[in-house]
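Trainee: What follows is a predicted structure for the sequence shown.
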Amino acid sequence: MSRGIDYGMGSINIDKDTGIRFGVIPIMEVLQAWCDSSEPYYPCETCEVKADEDNTDEDKNSDPADEFVDCGYCEPSSLYVDDNEYVAESTDGIDIFITKSPYYTRCQFCSPCAPGAGYVMNECEDGVETYCFGHEWFEEGKAPYKVYRVSDGELVEE
């Protein structure tokens, strides 16, 4: 299987420090882990403050219309994970873009819609090294692709 075309021409969607490509994976592949781990990102501070206030007991007794400050867009613009291991984001609710991970896989390049990134579900022995989620992100405890550790390049068994 061919590794495909690098529409990013080696300059985008790549970690310049490690040379590892950013990964793209469908949300449905890791849905439960994504729902458990991701947080909403609000495009403005007013939205974030309003969302935090909506979760307090005090707000249950007040009229939300009195407190609402219209900034024009008070919905999260994406969901993201930024912890000690992973940095990932979904802006469309369909795919997750992984920009940092302790793991990588070898796969084909993504289509032109994510130039230079790798599509982790299209594993390819001679493919590009691409950030991916580890085995713990999958329901059965095993990723549907080979997982390698970034730190030493070793294959990580389930």
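Mentor: That came in fine, so what should we check first?
Trainee: Could I get the full set of helices for this protein?
Mentor: Counting by DSSP state H, the chain has these helices, from start to end: 31-37, 45-54, 57-60, 64-67.
Trainee: what's the least confident stretch among the ones you listed?
Mentor: Of all the helices of the chain, mean pLDDT reaches its minimum on helix 64-67 (a mean of 46).
Trainee: what's the distance between the residue nearest the centre of the chain and Gly23?
Mentor: Among the residues of the chain, the one closest to the centroid is Ala88, at 2.7 Å (CA atoms, centre = their mean). Distance from Ala88 to Gly23, counting by CB to CB, to the nearest Å: 8 Å. Every C-beta, even on glycine, is put in place using the N, C-alpha and C of the backbone.
Trainee: ok, now Thr99?
Mentor: To Gly23, Thr99 is 8 Å away according to CB to CB.
Trainee: neighbour count winner among the two?
Mentor: Using other CB atoms under 10 Å, the more surrounded residue of Thr99 and Gly23 is Gly23, with 32 against 19.
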